[in-house]
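**Q** Could you look at this predicted model? Sequence included:
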Amino acid sequence: MVRLLRPFTRAVTYTRWLHLFVAVVWPAMWLFIEEAWWTPATAAAVLALAGLVPAMRVVEGMQAKLLLTGHRHGEEDGDGATEIAVAPSATWADRGRTVVWLQARLLLGAAVAHLSVQLPLFAADLVLAARGDGADTGAFVSLPGHHWWYALLVPFPLVALGAVVVGSGHLITLLARRLLGPSRTERLAALEERTEQLLERNRIARELHDSIGHALTVAVVQAGAARAARDPRFTEQALTAIEETGRAALEDLERVLGVLRETGRPASARPTLQDADRLLESARSSGAKLDAEVSGELGTVPGPVSREGYRILQESLTNVLRHAGAVPVRVRIDVADGTLGLEIRNPLPDGRRPVPGGRASAPGGGAGLRGIRERAALLGGSARAGADAGDWRVRAELPLR
């Protein structure tokens, strides 16, 4: 019993009912002016023409989304997919579905409006007939005679009214999702947008790992070196390097958090390979003997490729500092033949297994190397890491197109 009554406790039950009533307001006004057979036919024809207007799909979609599902424009439905589109008709198929929707809403709305008036009047007739008063309220069923047991039938039209309200609400919602739902093109666009959002989240996670991991690694290495050196001048230099690296990490963190707070905000002002000097100086200040060589014009590298290249270089240098410490590092950046090449080398300690940065560890690397490979793969490039002629080498090749 409680389950049967539950729909009547939900606001959406009554907003669906209202949605059907709204559909017949202006045709009903015509009937007050002229009651003729051509009046509803004219209303249907006008709706058919209106359905061919692309903007009509926006109007109907907004009404249906708000009144039938309880979701405002811009919100997602319960299953995470936009079941009712709020967009202009882009094709003739969209226009045709809008026309069918308007006709179905008009017919169903007229039937529900009629029953919503007649069923309560029929219940009132039953009450009047049971009391012996004249039963003439204008209901669609006339009652012969006056009998007391008519009172026992009063709940039935009221129950039927409840069934009409709930059932018609479910029916019009199903029709809206079918006729006003997104087309195949719109579903594909939504899927692509969802994929971009997931890729953006993965990218943000990688950036946090690379940026914060790099800053913490530099800070730990500098602090350890300053403690071991016990030289006030070196300690001051180490603190300066820690401060600069920390400030850069805070800027990256604030930017990433800004993207997370404002989903519509583009990921802008991200560092590129033109800012690589900051990374190289940070590595040098941490004790690494860094030899860098750049060939080609970095300014010609597209933004996405340059940004991902910066992160690949950052993660590679972080691995060197974390696993090998202050060792000679050779960095090569070349732009040629439509490809951006990145190569980072550092010597492997004797007797050690080849792992990231040259320290013995479990095979397979870690999140850093996996992130480098993922960044390269997303751009259609490739990245490899492993031992090469006594060095640990990270080599990434990213296409410029």
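**A** Looks like it came in fine. Numbering: from 1, shown residues only.
**Q** the bottom helix or strand of the chain by mean pLDDT?
**A** For the chain, counting by mean pLDDT, DSSP states H and E, helix 25-33 ranks last in confidence among helices and strands (a mean of 72).
**Q** Okay, the spatially most central residue of the chain and Thr13: tell me how far apart.
**A** Of all residues in the chain, the one closest to the mean position by C-alpha atoms, centre = their mean is Arg194, 5.0 Å from it. Separation of Arg194 from Thr13 (C-beta to C-beta, to the nearest Å): 31 Å. The C-beta positions use only the backbone N, C-alpha and C, and glycine is treated the same way.
**Q** ok, now Arg395?
**A** Counting by C-beta to C-beta - Arg395 and Thr13 are separated by 63 Å.
**Q** Equivalent analysis for Ala55, please.
**A** Taking C-beta to C-beta as the measure, Ala55 falls 29 Å from Thr13.
**Q** Repeat that for Thr272.
**A** As judged by C-beta to C-beta, Thr272 and Thr13 stand 55 Å apart.
**Q** Test my guess that Glu308 contacts Ala377.
**A** No. Between Glu308 and Ala377 there is no contact, the gap being 10.5 Å when judged by C-beta atoms under 8 Å.
**Q** biggest helix in this protein by residues?
**A** Criterion DSSP state H: the longest helix present in the chain is helix 184-229.
**Q** So which elements touch that helix?
**A** helix 232-261, helix 276-285, helix 303-323, helix 367-378 (3 or more C-beta pairs under 8 Å, 6 or more residues apart in numbering; DSSP states H and E).
**Q** Would you mind identifying the next helix or strand past the shortest one?
**A** Looking back up the chat, that one is helix 276-285. Going down the chain from helix 276-285, the next helix or strand is strand 289-295, by DSSP states H and E.
**Q** What segments of the stretch 1-150 of the chain are helices?
**A** Along the stretch 1-150 of the chain, the segments classed as helices by DSSP state H, counting those that start in this stretch run 2-5, 11-23, 25-33, 38-51, 54-68, 92-131.
**Q** Lowest average pLDDT across these?
**A** Note on the helices of the stretch 1-150 of the chain: lowest mean pLDDT is at helix 25-33, with a mean of 72.
**Q** Identify the residues contacting Ala223.
**A** Ala238, Ile242 (C-beta atoms under 8 Å, 6 or more residues apart in numbering).
**Q** before we move on, back to that, more crowded one of Ala55 and Thr13?
**A** Thr13 (16 against 10; other C-beta atoms under 10 Å).
**Q** what's the burial count for the closest residue to the more buried one other than its chain neighbours?
**A** Once flanking residues are discounted, Thr13 sits nearest to Pro7: 5.0 Å by C-beta to C-beta, 6 or more residues apart in numbering. Using other C-beta under 10 Å, the number of residues around Pro7 comes to 17.
**Q** now do His214
**A** Residues contacting His214 under the criterion other C-beta under 10 Å number 26.
**Q** Double-check it against Val221; I have them as touching.
**A** No. Counting by C-beta under 8 Å, Val221 is not a contact partner of His214; they are 10.8 Å apart.
**Q** and Gly390, what does it touch?
**A** Pro347, Leu348.
**Q** and the gap between it and Gly341?
**A** 21 Å.
**Q** got it, and Leu4?
**A** For Leu4 relative to Gly341 (C-beta to C-beta), the value is 70 Å.
**Q** Looking at the two, which one has more neighbours?
**A** With neighbours defined as other C-beta under 10 Å, Leu4 and Gly341 compare such that Gly341 has more, 18 against 11.
**Q** Double-check that the more buried one belongs to a helix.
**A** No. The assignment for Gly341, made by DSSP: H, G, I helix; E, B strand; the rest coil, is strand rather than a helix.
**Q** ok, what's across the strand from it?
**A** Asp334, Glu397 (DSSP bridges).
**Q** if I pick it, what's in contact with it?
**A** For Gly341, counting by C-beta under 8 Å, 6+ apart, the contacting residues are Arg332, Ile333, Asp334, Val335, Arg395, Ala396, Glu397, Leu398.
**Q** quick revisit: how far away from the center of its chain is the longest helix of the chain?
**A** How far helix 184-229 lies from its chain's middle: 19 Å, per C-alpha atoms, centre = their mean, to the nearest Å.
**Q** what's the angle from that helix to helix 232-261?
**A** Calculated by axes from the mean of the first three to the mean of the last three C-alpha atoms, to 10 degrees, helix 184-229 forms an angle of 160 degrees with helix 232-261.
**Q** now helix 184-229: mean pLDDT?
**A** On average, helix 184-229 scores 75.
**Q** Report the spatially nearest residue to Gly368, omitting neighbours in sequence.
**A** Excluding the flanking residues, the one nearest Gly368 by C-beta to C-beta, 6+ apart is Glu315, at 4.8 Å.
**Q** from memory the one you found sits against Glu374, does it?
**A** No. With contact defined as C-beta under 8 Å, Glu315 does not reach Glu374; the gap is 10.9 Å.
**Q** Would you mind listing the residues in contact with Glu22?
**A** Careful, residue 22 is Val and not Glu. Taking C-beta under 8 Å, 6+ apart, we find Val22 in contact with Gln63, Gly109.
**Q** And Pro304, by the same measure?
**A** Leu379 are the contacts of Pro304 under C-beta under 8 Å, 6+ apart.
**Q** try 6 Å
**A** Residues near Pro304 by C-beta atoms under 6 Å, 6 or more residues apart in numbering: none.
**Q** And Ala377, by the same measure?
**A** No contacts exist for Ala377 under C-beta under 6 Å, 6+ apart.
**Q** What of the one 3 residues further on?
**A** With contact set as C-beta under 6 Å, 6+ apart, Gly380 has these partners: Pro399.
**Q** does it sit in a helix or strand, and which one?
**A** Using DSSP H and E, Gly380 falls outside every helix and strand.
**Q** Many thanks, have a good one.
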